[in-house]
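1. sequence first, predicted model second:
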Amino acid sequence: MEIRVRRHGDTVVVSMGGRVDAYGAGELDRALKNVLDDEKLACMAFDMADVRYLSSAGIRSIVRTMKILRSRNGALAICALCLYCRNVLDTAGMTGSLNIFPTRSEAMGFLQSVHWERQALENWDSMETADSPIGRFRFVPGENSPADLKVIGSVADIYHSRIDESRIFSRGFSQTEYSIGVGGLGEVPEDYMKVLGSMITIGGTMGWLPTDGHDLADFLVPRNDTGSVLIRTPFNLTLSGAFNEYIMFDSSEKDGTTLDRLYRGLFLLSRRRRRDFKGVLGVAAWMQTSELLAGTMMRSPVREFAPENKRVITDPSNSGEWFKRDVLPRHRDVSCLTCGVGVDLSCDLSVYDQSGLYAAFYIDPATAGDRGHILNNHGAVFEQVHMPEKMVCLDKMIQEVSSKAEFKDMRKLRDNTRVTRAFLGVSYIQKLVRDSAGWRGTEMPVNRNIAEKRYREEAEFPLVPEKREAELSKFQRFLEAQQAKLGKQHN
């Protein structure tokens, strides 16, 4: 058996060829002994492109190496497996516990992120912090790449209850890592159209609340996104790109800080600290909540259910039939995986595409007018799970909670939900992008080309129907009035 051991920075790459059977595994263990004796080594890649045979003895060598590296807060990455070796690991039930990548470059990229996590944890006490009246914030640097908010459909279609099959789109779980909106699951429109409800995708999972009258949420954790089960949605907001910053928040307020006040704190700190903050934040988080209050949409916003009075479903004459808002906490002392978006109305939002803003956010005069911001947050609720004192990798934490904790509920969160502790991934949104790329379409009488043409027309002002143009003008006037009002308050 041929074995080559090379060091690439802080990572050791072990290339092997031939048969990793009982004899080959022994050779591999002897080759690794001196390397693993270096206790500073925490990351290793096994390049198995030239391995044609793998036995249980070889699997034991892999597991032994993985355990040693994990004990050092590191990782083992395996890449370039041939089909036979992959099938052997599948048969042994090991693929779910190993970090397997198609190419060496992908494996090295993963290990680089592991190195970053280890360094961030080692430097935890020296991270930037900020004390505020609501609690302490600790900041962990993220990616420098620009973050966008992808907008599918229009929230106006939801509030006017004008959804039909031509406004439904479908995509795989891997295409919606962090998103919120209205949606459902099902093979054909008859399965989901009349029960569309609030939804969240977070960490590759989906939670949604069917509007079937039972008031019970569903939650799906796909182990393998084959594309055979698709998310159906007429409206969705997706955080695109890596998080620009991670924030650990510890509340100093009795019984926790409301979601409303937490966002106010984030807006204030963003204006002071971040040049890339333009007024819109995308936030995903693991939150510990002392009191969780929700707003529940009770009917699917399809055209046939539209109110007879032609008014929006939030109008006082209609809202009682369409929404239920918690007055008392629905859940106490639970863990909540959340995804959401916040808009700071005191900022100059003209830097964003106005049609994108209109499509993404609904103005509720009962709340936004006085608070100076718009919030839209959904959460998947789990039994209380202990949150580590130090965290730097949100994806890993979310996957651990969703796979191990008991799922309890999924809701659109009210702004008076109380948070005692949270680890947040924050995206400083640079653009709002109308998204139709990657959609697979559905079994319905309208084809993909027609649907994409409709989205393009809605994004271009000259082609917006008169009614939609009037709604957009009203939205712009509201933003201008809010900015003027908030400007006077600051003077």
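-> Looks like it came in fine.
2. nearest residue to the middle of this structure?
-> residue 178 (2.1 Å; CA atoms, centre = their mean).
3. show me what that residue is bridged to.
-> residue 202 (DSSP bridges).
4. next, count neighbours for residue 252.
-> Number of residues near residue 252 (other CB atoms under 10 Å) recorded here: 12. Placement of C-beta: from N, CA and C, glycine included.
5. ok, now which ones touch it?
-> Contacts were defined as CB atoms under 8 Å, 6 or more residues apart in numbering; by that measure residue 252 touches 133-136.
6. let's see that with 7 Å instead.
-> 134-136 (CB atoms under 7 Å, 6 or more residues apart in numbering).
7. neighbour-wise, give me the winner out of these.
-> residue 135 (21 neighbours).
8. residue 340: how many residues sit nearby?
-> 24.
9. flag every buried residue along the host helix or strand of it.
-> Per DSSP states H and E: residue 340 is located in strand 331-344. Using 16 or more other CB atoms under 10 Å as the test for burial, strand 331-344 gives 331, 334-344.
10. swap in stretch 412-429?
-> Per 16+ other CB under 10 Å, stretch 412-429 contains these buried residues: 412-415, 417-429.
11. same question for stretch 290-300.
-> 290-294, 296-300.
12. do stretch 64-72 as well
-> 64-66, 68-69.
13. would you mind writing the CA trace of it as PDB?
-> Extracted in PDB, the C-alpha atoms of stretch 64-72 (Å, rounded to 0.1, in the frame of the first residue of the first chain):
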ATOM      1  CA  ARG A  64      -9.500   6.100  15.500                       C
ATOM      2  CA  THR A  65      -7.900   9.000  13.800                       C
ATOM      3  CA  MET A  66     -11.200  11.000  13.800                       C
ATOM      4  CA  LYS A  67     -11.600  10.500  17.600                       C
ATOM      5  CA  ILE A  68      -8.000  11.700  18.300                       C
ATOM      6  CA  LEU A  69      -8.500  14.900  16.200                       C
ATOM      7  CA  ARG A  70     -11.900  15.600  17.700                       C
ATOM      8  CA  SER A  71     -10.500  15.400  21.200                       C
ATOM      9  CA  ARG A  72      -8.300  18.300  20.100                       C
END
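14. give me the contact list for it.
-> Residues contacting stretch 64-72 (CB under 7 Å, 6+ apart): 32, 36, 39, 42-44, 75-76.
15. distance between it and the chain's centre?
-> 29 Å (CA atoms, centre = their mean, to the nearest Å).
16. what about the strand holding residue 340, average pLDDT?
-> Across strand 331-344, pLDDT averages out at 96.
17. state the mean pLDDT of the next helix-or-strand element following that strand.
-> Counting by DSSP H and E, the next helix or strand C-terminal to strand 331-344 is helix 354-360. The average pLDDT for helix 354-360 rounds to 86.
18. try stretch 237-253
-> Per-residue scores along stretch 237-253 average to 94.
19. residue 235: neighbour count?
-> 26.
20. that one contacts residue 180, doesn't it?
-> No. Judged on CB atoms under 7 Å, residue 235 makes no contact with residue 180 at a distance of 9.4 Å.
21. and the contacts of residue 252 as TSV, adding distance to residue 407?
-> TSV is the format used below for those (distance: CB to CB, whole Å):
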residue	distance to residue 407
134	29
135	28
136	30
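22. so which of these comes closest to residue 120?
-> residue 136 (17.5 Å; CB to CB).
23. residue contacts, the closest one?
-> 129, 250, 252.
24. dump those residues into a markdown table; add secondary structure and distance to residue 103 as well.
-> Listed next are the contacts of residue 136 as a markdown table, based on DSSP: H, G, I helix; E, B strand; the rest coil; distance: CB to CB, whole Å:
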| residue | secondary structure | distance to residue 103 |
| --- | --- | --- |
| 129 | strand | 39 |
| 250 | strand | 40 |
| 252 | coil | 47 |
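25. follow-up on the earlier one: who's in contact with the residue nearest to the centre of the chain?
-> 201-202, 238-239, 284, 339.
26. same thing with residue 309?
-> Applying CB under 7 Å, 6+ apart, the residues near residue 309 are residue 317.
27. quick one: strands adjacent to the strand holding residue 340?
-> Strand pairing for strand 331-344, using DSSP bridges, gives strand 280-292 (antiparallel), strand 373-382 (antiparallel).
28. tally of neighbours for residue 149?
-> Using other CB under 10 Å, the number of residues around residue 149 comes to 25.
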